[in-house]
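Participant: Predicted model and sequence follow; I will ask about them next.
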Amino acid sequence: QKEVEQNSGPLSVPEGAIASLNCTYSDRGSQSFFWYRQYSGKSPELIMFIYSNGDKEDGRFTAQLNKASQYVSLLIRDSQPSDSATYLCAVGANQAGTALIFGKGTTLSVSS
Amino acid sequence: DAGITQSPRHKVTETGTPVTLRCHQTENHRYMYWYRQDPGHGLRLIHYSYGVKDTDKGEVSDGYSVSRSKTEDFLLTLESATSSQTSVYFCAISETKPTGEGPQHFGDGTRLSIL
């Protein structure tokens, strides 16, 4: 059974701080990794994807991947109250077109 | 935003009735997926399609069937709805990437209540 694990939270950070969200996965053959943001009552929205080991930056967001440790993380710099949401980690298998395996999500709360 | 439309957006129905949910895309993406999302379980795959008339089962396919007669439409049918199928249903689409899966993009969801 392929699994993706996330701490459910809530993770609480003050406005302007760095939020660090973590995810581990069980399938060593996984090749693609995604972070989605989901506001309450809304659909998941893709915010980052990463395929190679290392860091990938996009604005205030940085995704970090370590395949040897089977670990992927998302850093949100200068956190804003509008970042308060549930963040879903998703991992793809080593086969095109197959579905992603989602973690249950980490709830982030940014206080002003 | 990806051109994905789910219909209906909300539905209330009774146990034992058939229900069909529709997902329509304007992106011409090859892959389409149906997920359900429940508290404590996260997103779980029901069925997916990798082309017209090509579908496969996901993690929680029992009690559900799908059809894809056109690239743009993917239908999810509950033949005889049960209360355990009360959930929020999301359709997603993706295109092939050389490295494997491309990102999936989600529709707005259908909130289904079965009484």
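Facilitator: The structure has been received and is ready for your questions.

Participant: which stretches of the chain have low pLDDT?
Facilitator: Let's take chain A. Applying pLDDT under 70 to chain A flags residues A:93-98.

Participant: that answer is for a different chain, and I need it for chain B
Facilitator: B:1-2, B:96-101.

Participant: Show me which strand runs longest in it.
Facilitator: strand B:42-51 (DSSP state E).

Participant: Mind listing the residues bridging to the residue nearest to the spatial centre of chain B?
Facilitator: Centroid-nearest residue in chain B: residue B:34, 2.4 Å away (criterion: C-alpha atoms, centre = their mean). Judged by DSSP bridges, the bridge partners of residue B:34 are residue B:47, residue B:91.

Participant: quick one, what contacts it?
Facilitator: When contacts are counted by C-beta atoms under 8 Å, 6 or more residues apart in numbering or on different chains, residue B:34 touches B:21, B:23, B:45-48, B:58, B:64, B:66, B:74, B:76, B:89-91. Every C-beta, even on glycine, is put in place using the N, C-alpha and C of the backbone.

Participant: Any of those residues buried? List them.
Facilitator: B:21, B:23, B:45-48, B:58, B:64, B:66, B:74, B:76, B:89-91 (16 or more other C-beta atoms under 10 Å in any protein chain shown).

Participant: Any chance of these in CSV with distance to residue A:87 as columns?
Facilitator: Output for the buried ones among the contacts of residue B:34, formatted as CSV (distance: C-beta to C-beta, whole Å):
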residue, distance to residue A:87
B:21, 26
B:23, 24
B:45, 19
B:46, 23
B:47, 26
B:48, 23
B:58, 23
B:64, 28
B:66, 29
B:74, 27
B:76, 26
B:89, 21
B:90, 16
B:91, 21
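
Participant: Looking at those, which one is closest to residue A:91?
Facilitator: residue B:45 (12.8 Å; C-beta to C-beta).

Participant: doesn't residue B:35 make contact with the closest one?
Facilitator: Yes: if you go by C-beta atoms under 8 Å, residue B:45 and residue B:35 touch, sitting 5.7 Å apart.

Participant: Excluding chain neighbours, what is closest to residue B:12?
Facilitator: residue B:113 (4.6 Å; C-beta to C-beta, 6 or more residues apart in numbering or on different chains).

Participant: So what's the residue count around that neighbour?
Facilitator: 13 (other C-beta atoms under 10 Å in any protein chain shown).

Participant: and the helix or strand it falls within, what does it pack onto?
Facilitator: Element membership for residue B:113 (DSSP states H and E) is strand B:110-114. Applying 3 or more C-beta pairs under 8 Å, 6 or more residues apart in numbering or on different chains; DSSP states H and E, one finds that strand B:110-114 makes contact with strand B:10-13, strand B:19-25, strand B:87-94.
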